[in-house]
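Asker: please work out how this folds:
(one chain, ligands or ions: 1)
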Amino acid sequence: MKSSHAVNDRVLAIDLTSGKTSTISITEEDRRRYLGGKGIALKLLYDNIAPGVDPLSPENIIVFMTGPTAGTQSPAGGRFIVAGKSPLTGIFVSSLAGGRFGLSLKRAGYDGIMVRGKASSPVYIKVIDDQVSIEDASSLWGMDTYDLQEAHKNEGDWVTIGPAGENSVRFAVIATGRRIAGRGGLGTVMGSKNLKGIVAKGGKKFGPADSIVFKKAVTKAQQKVKSHPNTGKDLRDLGTPQNVKIYGTSGIMPVRNFNRTSFDKMNGLTGEKIRDEHFLKNHGCVGCPIQCGRMGRFNGRELVSPEYETIGLMGSNLMIGDISTIAEWNEKLNRLGMDSISTGSTIAFVMELTERGIIQSDLSFGNPDGIAEILEDIAHRRGFGNELAEGTRRLAEKFGGEDFAINVKGLEMAAYDPRGCTGQGLAYATANCGATHLSGSTHAIEVNTYLSQHGTKGKPHFVRFMQDVTDAINSSIFCIQTMYPFLEENFAYKYTPMPIMQFIMRNLPAIAVKTTDLSDYAGLMSGLLGFKITKGDYYEIGERIFNLERLMNSREGISRDDDTLPARLLNEVREDGWPPIELDSMLEKYYRLRGWDERGHPTPGVLDRLEISH
Ligand code: SF4
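Answerer: Next up, the predicted model:
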């Protein structure tokens, strides 16, 4: 079967309580407003979940969505997004992963799957060439994510949860191959529905709706990916751990529960060290020319090499400097199905509670003893692990220590200390799902480049811009790493002297963001979907999606009081003299730029302009 179109234009809907399946059509109007991926997933959640629904109840919905890029020549496009209401934060969250599942689902005839209800016993969903069935998963329950996929690889490509998702650990992930959809506990939502996994396989082929427009756009895009130093070389060479050297030396990596500025064992954690002493081979998402993932040999075992975020939260933040130990923990986390960011942050919080004598535990900074055991205990909710399985915010509510509980809106913070990149602080405070590094992140342009690390100049503009563009990218679906070549491989960025770029971005940020080049994204989407999407349209789609999610959060009670940071970051001067973040002034400006009211709610005027029903 050959299609000349890039999408199936339908989503499979499954109610696990009744076992009934149906399809939901995606119209051209939906595509014009939301593209696919995150946009369509949020629209489905907005239309189908009433405010106040318990994330672990059958009424919660989980949506897996691919995008127009999967199965085409678009670079770094074969991923998928999963979205739902988070049991960790109580608000909406989405998480992306690569591997092969997104492409296989699309080839099986669906752009996405929406699951509601709860099965009476463990099940998995099978989607093979348009045939859908709900299968008994009793024999799979209890298996770890890698073993399950290995034992059942002949059935197709999987998304699956491990024991943590089955046992309602609030930050359980969804694994696909060796890739992880990590944030916010959507694996826990699957577990609450008795859904162990989804397997997909299919033979459908895809192509652009307008091959002339697409060919021109994709040739340029592929060339840029090849020629940009990051996507053309560094990511393949070092992976995301390339950031350890950059952020470790500039004081951004978290150390000792975000309480120190430097770590004397940081050199043992760098991408260069991993490449030189452990690297075995690259791997990555289907069809991606970058292949940023790496396998390595650690303690004599062939293991997935840990990503930067895992090294930050399970390494420097715990004062652990042995990369092989971190790689072993990473393997365990992936198999058990737990988010390394939330797990590492929660353990660091417990270490500090212990050090201050607030609780008693065997966990202490710089000491790896007991961590492998506590990971198992969290996943199985055994002993004190049962408390950690609730995450940092709930632990602080029970035992105290709110001032140094490092989370925003309940989501533990990614591996960038915002006292060294204050725009990142605003991004953490205002990201719809909490302290993620994948919405509106500005750390890369703050550390030694265009914006200053400290101060607030230009930052509200760039945070807003990056949040909106990220949501458009996550709806297309492109990997976020494409931002380097697509936004930077152009004349203005390459040939304008750095001091001039810095002056413009810091003093004329409105002009800087308006002239940032989104033409590669817009051109690829126009070619794939077959109707004209301008750079302005592309940005507005992202803005619409960001505001829709904010509206959904407002209905859940989120307001300015929640757009904040942990007290440690707002009040404590770091030991290197870096001041706390001036969040209030940035927040006021940010709300004005967005056209929101002073409580942080989108106004009717903004919602009407963006054609969001309310
Ligand atoms: S750059 Fe890495 S994470 Fe992104 S699509 Fe390619 S392999 Fe996947």
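Asker: and stretch 11-24, which residues are buried?
Answerer: By 16 or more other CB atoms under 10 Å, the buried positions in stretch 11-24 come out as 11-16, 24. C-beta: built from backbone N, CA, C; applies to glycine.
Asker: Asp377: which of those is nearest?
Answerer: Leu16 (29.3 Å; CB to CB).
Asker: quick one: the closest one and Ala372, what's the gap?
Answerer: Here the distance between Leu16 and Ala372 works out to 34 Å (CB to CB, to the nearest Å).
Asker: try Ala396
Answerer: 25 Å.
Asker: so for the two, which residue has more residues nearby?
Answerer: Set Ala396 next to Ala372 and count neighbours by other CB atoms under 10 Å: Ala396 wins out with 20 against 13.
Asker: quick check: pLDDT value at the more buried one.
Answerer: Ala396 is assigned a predicted lDDT (pLDDT) of 98.
Asker: let's see the helix or strand hosting it as CSV, backbone CA atoms only.
Answerer: Ala396 is part of helix 392-399, with elements assigned from DSSP states H and E. Taking C-alpha atoms only, helix 392-399 is exported to CSV below (Å, rounded to 0.1, in the frame of the first residue of the first chain):
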residue,chain,number,x,y,z
THR,A,392,10.3,15.4,46.1
ARG,A,393,7.3,17.7,46.7
ARG,A,394,5.2,15.1,48.6
LEU,A,395,8.3,14.1,50.6
ALA,A,396,8.7,17.7,51.6
GLU,A,397,5.0,18.1,52.5
LYS,A,398,5.4,15.1,54.8
PHE,A,399,8.8,15.6,56.4
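Asker: which residues touch the next helix-or-strand element following that helix?
Answerer: Using DSSP H and E, the helix or strand that directly follows helix 392-399 along the chain is strand 407-408. Residues outside strand 407-408 that contact it (CB atoms under 8 Å, 6 or more residues apart in numbering): 345, 391-393, 413, 428-429, 431, 434-435, 564-566.
Asker: mind listing what strand 407-408 pairs with, with the direction of each?
Answerer: strand 411-412 (antiparallel) (DSSP bridges).
Asker: spit out the contact partners of the closest residue to Lys265 other than its chain neighbours.
Answerer: Using CB to CB, 6 or more residues apart in numbering and skipping the chain neighbours, the partner closest in space to Lys265 is Gly321 (2.4 Å). Residues near Gly321 by CB under 8 Å, 6+ apart: 263-266, 268-269, 315.
Asker: and Glu277, what pLDDT?
Answerer: So, for Glu277, pLDDT stands at 97.
Asker: ok, Asp576 next?
Answerer: Value listed for Asp576 in the pLDDT field: 86.
Asker: ok, Ser4 next?
Answerer: 54.
Asker: one more: Ile61?
Answerer: Reported pLDDT for Ile61: 98.
Asker: now it: how far from the ligand?
Answerer: 26 Å (CB to the nearest ligand atom, to the nearest Å).
Asker: please apply the same query to Gly187.
Answerer: Taking CB to the nearest ligand atom, one finds Gly187 at 19 Å from the ligand.
Asker: average pLDDT for the helix or strand hosting that residue?
Answerer: Using DSSP H and E, Gly187 sits within helix 186-192. Regarding helix 186-192, the rounded mean pLDDT is 98.
Asker: what does that helix contact?
Answerer: For helix 186-192, with CB under 8 Å, 6+ apart as the criterion, the contacting residues are 55-58, 60, 62, 82-88, 93, 95, 118, 161-162, 164-174, 181, 196-197, 337.
Asker: buried residues, the one helix or strand Val225 maps to. List them.
Answerer: Secondary structure assignment for Val225, by DSSP H and E: helix 211-227. For helix 211-227, the neighbour count (16+ other CB under 10 Å) marks 213-214, 217-218, 220-221, 224-225 as buried.
Asker: which one of those sits closest to Thr145?
Answerer: Distances from Thr145 to the buried residues of helix 211-227, taken by CB to CB, are shortest for Val225, at 29.7 Å.
Asker: got a pLDDT number for that closest one?
Answerer: pLDDT, Val225: 95.
Asker: who are the contact partners of it?
Answerer: 75-76, 231-232, 289-290, 482, 485.
Asker: measure it to Thr27 for me?
Answerer: With CB to CB as the criterion, Val225 and Thr27 are 32 Å apart.
Asker: for Gly542, same thing?
Answerer: Applying CB to CB to Gly542 and Thr27 gives a distance of 20 Å.
Asker: that's all I had, so thanks and see you.
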